[in-house]
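*Asks:* okay, structure incoming, though there's no sequence with it:
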Ligand code: CAA
Ligand code: NAI
């Protein structure tokens, strides 16, 4: 490697070797970095320098292995070898941690003999988020350094530990206020002055194993990560390694790491890691400047408007919220105050900051003129085209020139809403999810005439509010809700054919969804689904099969959790809901009236059909350009609809299953209902060409 391409620089400062890793953006431990480190260690071993300092250039120490290399054949020198080389040095090596020292970065530091952290540094072993475990000694060194339970807690939770806590736990030896190079030089000078030598974690005794504490933690980790394999594998290998000589413990870790590396969960989670980042960057917005987003206006202070206002306040925006009258405005303010109090209770906000936000950053009013200064105004009034058009006509009068006018509509035509103004280029959809200050997904709905800089501002606002933005085109329900309607219909069909709603929910939670569709509907309210069906009824094709039973439940006033009864019964005995025989009776009545003989559906069939309906509609959405790429669909379903992240989203999951198999499910189901089960042309084409959806994810 030539000097100019080597991302690892070696400089000499008196008796100190200063080794700088410079591999933007996050100093990932790529092949070149690993090779550079081995070469630097060789030079240090042979040279006259007495101490080595390893630090990172730019924003961070090494943020981990280079994730782009995962799934490709491994290249030498592999990280465990690099790490062993560092630890084996006969002269002391210091690592300076700043930014985010994560994964392989922290493992490198654990192999060094001393660690200094900048006060702002955050460290962690987040590998389980990618479906793997720390594979360069992390599961063995950290427990030997700080004890088994605290170490396992860190790498099974994937949390980032702040520098102060890292010092208290004994992960780092000192904190510094200096910039990384200086911090390292100062620490190394101390080593020289004291004449300290190397100090290796591998020489420490194995950590004590408290079987009861391990069992307790194991149960907790299993509960929190249902369906995932990496967390328990990491815990188990740490426990196993505790009783083994260090070299054998490392070999066990490597074995477990390699197994996970080959798992579909690893492939899925890495797909999601990159999908989330790609979704947030639209190639067509390169070089397009966003407008300012300092002052957020919100119209409608109900469930969504209140949540959007809180998201703005928590992220440093000024917020002006408009309600219909003074009493409603006051009610909205009280709701926001309650949500912020909740944030204080959760430790996300101080009491003083909450008071300051309510006093100085939030304005609530019944006068639309108060929106005159807002940069972006998000409308969250009732889901009615008439009401929304009226609101947008008003906004057209009161908003300043250049203000962005956004609608949070769930389904309605954003072009029609934009046409109520004289400035359709400034109008777009910003579809938040409930609760809006918590859910990270934001569909950015681009209408026919939305200007590029308005789209860019939508993305910039998403970033400012810590959301994951996904571009969507205009259609009924955009990406997420349009798909939801179709797979929910598939579920309703399966109920008519013989499955109980409870069997469907159970099969889908076993697959990995946090909740099944009927439990979700109870949470959202049966009135929402009913309103959607009523809206679509006039245009419903005659052949489309709808069950009447959800509307009959609605007519009985069973609106879900809020009325104590929906698809499930909610009461003191079962606050999370229990099946209701009356619902099954209602369904049986409808089957009898329609002459349907109930048949048994296995859990596998339920899951296959439900997912096939989801994937098929996802393919149509991609083909129509409503979603730019399949990965956008995956991000929407994972972040807005609780699709299990470790399965990678529906389109990635389709690739894992094989598109032929998805198509076969659709064709088999079409024998019963040829109208509903028409294969999306894109799905059929990709399957016939032997390609997957991933082939469309490239730009
Ligand atoms: N490898 C390759 N690229 C990476 C990367 C990694 N480990 N981490 C981040 N990047 C890339 C991102 O893809 C992004 O690239 P683009 O700009 O081209 O999209 C860029 O770096 C910046 O990343 P973010 O947008 O995420 O920036 P951020 O400031 O919000 O967050 C971060 C920075 C906290 C480091 C975050 O990127 C992150 O969490 N990265 C993953 C860290 C991780 O999981 N490390 C463990 C890796 S596994 C491992 O180390 C295995 C082992 O034991 C051998
Ligand atoms: P909501 O009924 O809780 O709140 C609507 C609020 O708007 C009410 O407080 C009402 O007083 C106010 N309002 C009505 N007309 C107004 C006007 N002209 N000026 C000022 N305020 C007015 O409704 P919710 O659930 O907050 O929904 C709002 C919008 O967000 C709808 O379009 C809905 O489809 C969409 N949405 C809802 C989601 C949800 O889960 N509830 C999720 C995503 C989008």
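*Replies:* Cool, the structure landed. For clarity, every value in this text was computed on a predicted model and none was experimentally measured. Ligands and ions are numbered 1, 2, ... in the order given.

*Asks:* quick check: end-to-end length of stretch 44-62?
*Replies:* 20 Å (Cα to Cα, to the nearest Å).

*Asks:* where does residue 74 land on pLDDT?
*Replies:* With respect to pLDDT, residue 74 has a value of 89.

*Asks:* could you find the closest non-adjacent residue to the residue in the stretch 451-600 of the chain positioned nearest to ligand 2?
*Replies:* Using Cβ to the nearest ligand atom, the single residue of the stretch 451-600 of the chain nearest to ligand 2 is residue 524, 6.1 Å away. For every residue, glycine as well, the C-beta is placed using N, CA and C. Take residue 524 and drop its neighbours on the chain: the residue closest to it by Cβ to Cβ, 6 or more residues apart in numbering is residue 560, 7.0 Å away.

*Asks:* what are the buried residues along stretch 360-379?
*Replies:* Residues 361-365, 368, 370-371, 374-379 are the ones in stretch 360-379 that count as buried (16 or more other Cβ atoms under 10 Å).

*Asks:* just give me how far that stretch sits from the chain centre.
*Replies:* The chain centre lies 30 Å from the centre of stretch 360-379; the measure is Cα atoms, centre = their mean, to the nearest Å.

*Asks:* tell me if that stretch is near ligand 2.
*Replies:* No - using Cβ under 6 Å from any ligand atom, stretch 360-379 stays clear of ligand 2, with a minimum separation of 7.5 Å.

*Asks:* that stretch: end-to-end distance?
*Replies:* OK, stretch 360-379 end separation, Cα to Cα: 22 Å.

*Asks:* oh, and call the first residue 19 from now on, that's how I've got it
*Replies:* All set: I'll call the first residue 19, so the last point we hit is now stretch 378-397.

*Asks:* could you look up the SS state of residue 189?
*Replies:* What DSSP: H, G, I helix; E, B strand; the rest coil gives for residue 189 is coil.

*Asks:* around it, how many other residues sit close by?
*Replies:* 24 (other Cβ atoms under 10 Å).

*Asks:* once you drop chain neighbours, what's closest to it?
*Replies:* Nearest one to residue 189, counting by Cβ to Cβ, 6+ apart, is residue 164 at 6.1 Å.

*Asks:* got the contact list for the one you found?
*Replies:* When contacts are counted by Cβ atoms under 8 Å, 6 or more residues apart in numbering, residue 164 touches 187-189.

*Asks:* include distance to ligand 1 when you put those into JSON lines, please.
*Replies:* Output for these, formatted as JSON lines (distance: Cβ to the nearest ligand atom, whole Å):
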{"residue": "187", "distance to ligand 1": "19"}
{"residue": "188", "distance to ligand 1": "21"}
{"residue": "189", "distance to ligand 1": "16"}
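
*Asks:* quick one: residue 221 from ligand 2, how far?
*Replies:* 57 Å (Cβ to the nearest ligand atom, to the nearest Å).

*Asks:* and that residue, how far is that from ligand 1?
*Replies:* To ligand 1, residue 221 is 22 Å away according to Cβ to the nearest ligand atom.

*Asks:* quick one, what contacts that residue?
*Replies:* residue 264.

*Asks:* repeat that for residue 424.
*Replies:* 394-397, 445-448, 476.

*Asks:* do the same with residue 549
*Replies:* Taking Cβ under 8 Å, 6+ apart, one finds residue 401 in contact with residue 549.

*Asks:* what stretches of the chain score poorly on pLDDT?
*Replies:* 19-22, 717 (pLDDT under 70).

*Asks:* again, 90 this time
*Replies:* The chain contains residues with pLDDT under 90 at 19-23, 86, 88-90, 92, 716-717.

*Asks:* how close does the closest residue to ligand 2 within it sit to residue 354?
*Replies:* In the chain, the residue that lies nearest ligand 2 is residue 320 (1.9 Å; Cβ to the nearest ligand atom). Going from residue 320 to residue 354 by Cβ to Cβ, to the nearest Å gives 12 Å.

*Asks:* those two: who's more crowded?
*Replies:* residue 354 (25 against 15).

*Asks:* return the residues in contact with that one.
*Replies:* Neighbouring residues of residue 354 by Cβ under 8 Å, 6+ apart: 319, 324, 327-328, 331, 339, 376, 380, 382.

*Asks:* buried ones in the helix or strand containing it, by neighbour count?
*Replies:* Residue 354 is part of helix 344-363 when elements are defined by DSSP states H and E. The neighbour-count check on helix 344-363 (16+ other Cβ under 10 Å) flags 346-347, 349-351, 353-355, 357-358, 361 as buried.

*Asks:* which ones among these also lie next to ligand 2?
*Replies:* Among the buried residues of helix 344-363, ligand 2 is touched by residue 346 when using Cβ under 6 Å from any ligand atom.

*Asks:* make CSV out of the buried residues of helix 344-363 and add distance to ligand 1.
*Replies:* CSV is the format used below for the buried residues of helix 344-363 (distance: Cβ to the nearest ligand atom, whole Å):
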residue, distance to ligand 1
346, 38
347, 36
349, 37
350, 32
351, 33
353, 31
354, 28
355, 31
357, 25
358, 25
361, 22
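
*Asks:* tell me the one of the buried residues of helix 344-363 nearest residue 208?
*Replies:* residue 361 (41.8 Å; Cβ to Cβ).

*Asks:* ok, for the closest one, nearest residue in space, not its chain neighbours?
*Replies:* residue 367 (4.3 Å).

*Asks:* near the one you found, how many other residues are there?
*Replies:* 17.

*Asks:* now it: how far from residue 380?
*Replies:* Distance from residue 367 to residue 380, counting by Cβ to Cβ: 13 Å.

*Asks:* which residues touch the one helix or strand residue 607 maps to?
*Replies:* Under the criterion of DSSP H and E, residue 607 resides in helix 599-612. Helix 599-612 is contacted from outside by 513-514, 516, 518-519, 565-567, 570-571, 585, 615-616, using Cβ under 8 Å, 6+ apart.

*Asks:* give the contact list for the residue of the stretch 319-468 of the chain found nearest ligand 1.
*Replies:* Nearest residue of the stretch 319-468 of the chain to ligand 1 (Cβ to the nearest ligand atom) works out as residue 458 at 12.9 Å. Residues in contact with residue 458, defined by Cβ under 8 Å, 6+ apart, are 484-486, 657.

*Asks:* dump these to JSON lines, plus neighbour count, distance to ligand 1 and secondary structure.
*Replies:* What follows is the contacts of residue 458, written out as JSON lines (neighbours: other Cβ atoms under 10 Å; distance: Cβ to the nearest ligand atom, whole Å; DSSP: H, G, I helix; E, B strand; the rest coil):
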{"residue": "484", "neighbour count": "12", "distance to ligand 1": "10", "secondary structure": "coil"}
{"residue": "485", "neighbour count": "24", "distance to ligand 1": "13", "secondary structure": "coil"}
{"residue": "486", "neighbour count": "20", "distance to ligand 1": "11", "secondary structure": "strand"}
{"residue": "657", "neighbour count": "24", "distance to ligand 1": "15", "secondary structure": "helix"}
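
*Asks:* which helix or strand contains residue 235?
*Replies:* helix 229-242.

*Asks:* can you list contacts of that helix?
*Replies:* 166-167, 170-171, 174, 249-250, 253, 257.

*Asks:* which single one of these is nearest to residue 193?
*Replies:* residue 171 (21.7 Å).
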